[in-house]
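A.B. asks: quick one, what's the 3D model for this:
(chains A and B)
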There are 2 protein chains.
Amino acid sequence: MSEGLKLQDKPVVSFLGPKASYTHQATLGAFNEQDFTLNPVITIEDVFASVQKGTAYRGVVPFENSSNGSVVFTLDLFADLQQKYPDIIVCGESYIAVQHCLLGHHSDRDTQPPLSLSGTSSGPGVIESPMSSGAVTPTTKEPVPQKPTARPVGDLSRIKKLYSHPQAWGQCKVFLNTYLKSVEKQDVSSTSRAAQLVAEDDSGESAAVSSIIAARILGLDLLAKGIEDRGDNTTRFFVLKKAPSSSTSASATVEPTSSTAAASKGKADEQAGTGDWKTLVSFTVDHANPGSLAQSLAVFAKYGLNLTSINTRPSGVENWNYIFFVELKGKKEEDTEDGPVNQALKDLDSVCRAWRWLGSWENRLVR
Amino acid sequence: MSEGLKLQDKPVVSFLGPKASYTHQATLGAFNEQDFTLNPVITIEDVFASVQKGTAYRGVVPFENSSNGSVVFTLDLFADLQQKYPDIIVCGESYIAVQHCLLGHHSDRDTQPPLSLSGTSSGPGVIESPMSSGAVTPTTKEPVPQKPTARPVGDLSRIKKLYSHPQAWGQCKVFLNTYLKSVEKQDVSSTSRAAQLVAEDDSGESAAVSSIIAARILGLDLLAKGIEDRGDNTTRFFVLKKAPSSSTSASATVEPTSSTAAASKGKADEQAGTGDWKTLVSFTVDHANPGSLAQSLAVFAKYGLNLTSINTRPSGVENWNYIFFVELKGKKEEDTEDGPVNQALKDLDSVCRAWRWLGSWENRLVR
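C.D. replies: Below is the predicted model of the structure:
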C-alpha cells in the first residue's frame, strides 16, 4: 500500500480545483468530508498523476458537458500517449447540473433568506419586475424576447462590477441583459475565482456569476439562483482509481481489494446492484488495413453490447491516425471470462492494433 | 444564380480570416487570385453563411489538426442544429503544414537573404550557436535537452517583445527557450494578428511567431523558419460549396453544373481522376434502441466502405444524445443509385433516426 493510504489517515480524493469549482461540487456529491480528505489540484493531469502515484485514493475529473461535448484534455490523458498513467481506470460517474447563480453581498436593508439548495428562490425581497426594462421590449430583430426564468433576491442597484468565466456570460444572457445590462463585466479564469474576488471585496459593489457551492464555501449571499438561459446544461464527471496494470489489458484479472477502499467507499464509487453498468474502452486500428475500424466496432455488436458514444483523438503515433474511445452498456466481469464485455475484448484483440479497458462503473444517469 | 456570382465578376471564395491566417494559406493553395476573389471573414460561421446565401462561390474552413484533433466549431456547423446551413457540402480538402516562423525587421547590418518558401534558411548571418546557453544545458530534470532544429537568420538581440497566439508558445518551446529566453511574450488572438502588430512597429524591437504567408503578405522579414518543436504538425481544411437541399438526403440527385464553376475550378475542388475519394456523413440514432449505433455503423461495413474517422458532438435535441460524423473512403455517385456509398446511405435510412450526406471529394492526403 502506498504512502498516501495509511489506515489511520482518511483516504485522499483529489479533484480539479479550485475549491468551489463544479468538479468540487461533483466530488462533494460522491465523497463525504467525514470519511475522505478532499484535495483540490490545479490541472486534470494532476488528478491523474495523484491517483497513478497512489498519493490519492480516488480522483474526480470532468469528462463531458451536455452542450459543449467531451473534455479533450481528459480524453488525451486516457489516451496516455507517453504511458504515464497506465493504471488509471474509471470506477464511477457523477452528473452535476451547471446552475449559475449571482453571488455577492446583501445590503443591510435586504431581507436575507436562508441559503436553500433546492427549490426556487422567492420570498421577501424578491423583485417582481425587471429593473431594466429594455431587454424585454419587443424589437424587430426579436419580436418575442425571452424572459429570464430567475429573479433577483434583493436590490442589485449597488452592483457596479461583475466577475465570471467568459463562457458564463453567454449562458446567462437573458438574466444579465434584464437585470444588470449596463454593469461592467470582467473575465476571470474560473467561476470559482470570480466568487473568490467578490468574497474579498466588502464594498458590496461587485458580484460573481458562479455556483451555489461557491456561495456555501466562501460565505457569499445568493442574489439570484439558476440564472442560466437553458436549464438542462449538465456536466458529467468520472471518478478515477488505480488498477493493477495487468487488469487493463487482460480479460480475467481479479482486482485486489484494498482494506481502505472496503472501509469507506464513495457514493458514486463501485456500488453494486442495479445491473446497469457502463464500460469505457480505447483502441487503435491499423489504418493501412481497410475496414479495421468497422471490424473493431462490429465486435461489440456481435455480443449485443449497445455502444452509447464514440470519441476520437489523434493517436500521436502518426498524423491522421486516431485513438477511438467507445463507451458501452455492460460490465467487464472480474470472476469469469464469459461475460459479453470480456468476450468482446478478447475478440477485439485480434482485429485492432492495441486496446485498453478503461473501467466499468454503475450508470448514474437518471433519464 | 445569386447576386455574388455574376459571370463578369470573379467568383468569391470566403475563408476564415484574418489575412495571412493558415486558412488564407490553404485558400491560396487551392484557388488562384487571378481567377477568384478571396474574401476573409471573421468566423467559421461567416464562411458557412456566405456559401449558404450564395454570396460566395466556395468557402474554406479548418476541419482538424494533426495534434489537436477536430475543430468543434466546424463540426457543430455541419451538425446544423438550427437548420441554417442545410445546403452546405464539402467538395474538396487541403492540408497545410503548420510551420511557425519568427517574423520581424532585419537590422541594417544583417545580411538579408531572399524570402524562400522551401528549404532550410541558412547562409550569411546565420547564428551558429545558441545565444542563450541555459536552455541546452543538461539538468537533472532533462538530462538530454532537445536542441532547436531551426536557427535564426540575423541578430535577435534587439528583440524586446514577442507576439503570438498562446498555442504557438507551447509549439515552439525549444527554439524560444534557446534564442529568446528572457524576452517578454504577449498573447494575441491569432498568429496573423501578431504579425500585423509587428508590421506596425518600425522599432525592430518586436517579433511575431507567425506563418511564412504572413511574412509575405505583410512584408516582414523572416528571422527564423520552421521553429516548431515537432515538424509534422498539419491542419486539414475543407472547401465548402452549396448543393441543392434535396441532394443531401436523397441518394441519386444529379447536381446542376454552374457555368462559373465549370469555367474556373479551384485546385482542391472537384477534380476527377484518381478514383480515391472521401465522403462525410452525419447521423443521429434512437438512443432508446439498443444497438442502433452499431447497426448504423455496420451498414458501411456491409458495402465494404472503410471508415477512416468518427466524430461525435452533442445532438442538441436531448442531453447525452449525439450526432455522429463518419468519414469513409468512397464517393456518392450522382448518376447511379448502385454505388456502394449510395446503397449504404439507403440502408442507413432504415436504421438511424436521421442522416445527412455532407459531400464527397477527392483525397488530397499524400502519405
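A.B. asks: which residues touch the closest residue to chain B within the stretch 51-200 of chain A?
C.D. replies: Ranked by Cβ to the nearest Cβ, the top residue of the stretch 51-200 of chain A for proximity to chain B is residue A:66, at 3.9 Å. For every residue, glycine as well, the C-beta is placed using N, CA and C. Residues near residue A:66 by Cβ atoms under 8 Å, 6 or more residues apart in numbering or on different chains: A:232-236, B:314, B:319-320.
A.B. asks: which members of these occur in helices, if any?
C.D. replies: Taking DSSP state H as the definition of helices, those contribute nothing to them.
A.B. asks: can you pull the residues of the stretch 101-250 of chain A lying near chain B?
C.D. replies: Within the stretch 101-250 of chain A, the positions adjacent to chain B are A:232, A:234, A:236 by Cβ under 8 Å from any Cβ of the partner chain.
A.B. asks: next, count neighbours for the second one.
C.D. replies: Counted with other Cβ atoms under 10 Å in any protein chain shown, residues neighbouring residue A:234 total 17.
A.B. asks: which residues touch it?
C.D. replies: Residue A:234 neighbours (Cβ under 8 Å, 6+ apart): A:65-66, A:95-98, B:319.
A.B. asks: farthest pair in the residues you listed?
C.D. replies: A:96 and B:319 (12.3 Å; Cβ to Cβ).
A.B. asks: more crowded one of those two?
C.D. replies: Higher neighbour count among residue A:96 and residue B:319: residue A:96, with 22 against 17, using other Cβ under 10 Å.
A.B. asks: so where is the stretch 201-350 of chain A shaky, pLDDT-wise?
C.D. replies: Low-confidence segments of the stretch 201-350 of chain A, defined by pLDDT under 70: A:245-275, A:290.
A.B. asks: which residues of it fall in helices?
C.D. replies: Listed in chain order, the helices of the stretch 201-350 of chain A (DSSP state H, counting those that start in this stretch) span A:212-218, A:259-263, A:292-302, A:340-351.
A.B. asks: find the nearest non-adjacent residue to residue A:185, please.
C.D. replies: Nearest non-adjacent residue to residue A:185, counting by Cβ to Cβ, 6 or more residues apart in numbering or on different chains: residue A:162, 4.9 Å away.
A.B. asks: same deal with residue A:106?
C.D. replies: Nearest to residue A:106 is residue A:221, by Cβ to Cβ, 6+ apart, at 4.4 Å.
A.B. asks: show me where the stretch 101-250 of chain A has strands.
C.D. replies: A:101-104, A:161-164, A:184-187, A:206-210, A:221-225, A:234-242 (DSSP state E, counting those that start in this stretch).
A.B. asks: and of those strands, who's closest to residue A:84?
C.D. replies: Closest among the strands of the stretch 101-250 of chain A, once you apply Cβ to Cβ, is strand A:234-242, at 12.8 Å.
A.B. asks: what pairs with the closest one, parallel or antiparallel?
C.D. replies: strand A:58-65 (antiparallel), strand A:88-97 (antiparallel) (DSSP bridges).
A.B. asks: can you name the residues in contact with the shortest one?
C.D. replies: Read it as strand A:58-65. With Cβ under 8 Å, 6+ apart, strand A:58-65 has contacts from A:11, A:13-16, A:22-23, A:26-27, A:30-31, A:36, A:44, A:47-48, A:50-51, A:70-71, A:74, A:77, A:88, A:91, A:93-94, A:98, A:233-241, A:266, A:269, B:314.
A.B. asks: could you rerun that using 7 Å?
C.D. replies: Residues from elsewhere that reach strand A:58-65 (Cβ atoms under 7 Å, 6 or more residues apart in numbering or on different chains): A:13-16, A:23, A:26-27, A:30, A:44, A:47-48, A:50-51, A:70-71, A:74, A:235-241, A:266, A:269.
A.B. asks: next SSE downstream of it?
C.D. replies: Next helix or strand after strand A:58-65 toward the C-terminus (DSSP states H and E): strand A:69-70.
A.B. asks: give me the neighbour count for residue A:169.
C.D. replies: 15.
A.B. asks: what pLDDT does it get?
C.D. replies: On the pLDDT scale, residue A:169 is placed at 85.
A.B. asks: need the pLDDT of the nearest residue to it once chain neighbours are set aside.
C.D. replies: In this structure, residue A:169 finds its nearest non-sequential neighbour in residue A:185, 6.1 Å apart by Cβ to Cβ, 6+ apart. As predicted, residue A:185 sits at a pLDDT of 89.
A.B. asks: still on that earlier bit, what's the closest of the contacts of residue A:234 to residue A:352?
C.D. replies: residue A:65 (28.7 Å).
A.B. asks: comparing the strands paired with strand A:234-242, which comes out most buried?
C.D. replies: Comparing these by mean neighbour count (mean count of other Cβ atoms under 10 Å in any protein chain shown), strand A:58-65 comes out on top with a mean of 25.
A.B. asks: pLDDT of it, averaged?
C.D. replies: Per-residue scores along strand A:58-65 average to 95.
A.B. asks: over to stretch A:29-45?
C.D. replies: So the average pLDDT for stretch A:29-45 ends up being 94.
A.B. asks: dump that stretch to CSV, restricted to CA.
C.D. replies: The C-alpha coordinates for stretch A:29-45 follow below in CSV (Å, rounded to 0.1, in the frame of the first residue of the first chain):
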residue,chain,number,x,y,z
GLY,A,29,-21.8,14.7,-4.0
ALA,A,30,-19.8,11.5,-4.3
PHE,A,31,-17.5,11.6,-1.2
ASN,A,32,-18.4,12.9,2.2
GLU,A,33,-15.9,15.0,4.1
GLN,A,34,-16.2,13.0,7.3
ASP,A,35,-14.6,9.9,5.6
PHE,A,36,-12.4,11.5,2.9
THR,A,37,-9.9,14.3,2.6
LEU,A,38,-10.8,16.2,-0.5
ASN,A,39,-7.8,17.8,-2.1
PRO,A,40,-8.1,20.4,-4.9
VAL,A,41,-5.3,20.2,-7.6
ILE,A,42,-4.5,22.6,-10.4
THR,A,43,-4.9,20.5,-13.6
ILE,A,44,-6.7,17.5,-14.8
GLU,A,45,-3.3,15.8,-15.3
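A.B. asks: can it be said to contact chain B?
C.D. replies: No - using Cβ under 7 Å from any Cβ of the partner chain, we find that stretch A:29-45 stays clear of chain B, coming within 13.9 Å at best.
A.B. asks: tell me the buried residues in that stretch?
C.D. replies: A:29-31, A:36, A:38-41, A:44-45 (16 or more other Cβ atoms under 10 Å in any protein chain shown).
A.B. asks: in the sheet, who's paired with the residue lying closest to residue A:207 once chain neighbours are set aside?
C.D. replies: Nearest in space to residue A:207, with sequence neighbours left out and distances taken as Cβ to Cβ, 6+ apart, is residue A:104 at 3.7 Å. Residue A:104 has these beta-bridge partners by DSSP bridges: residue A:221.
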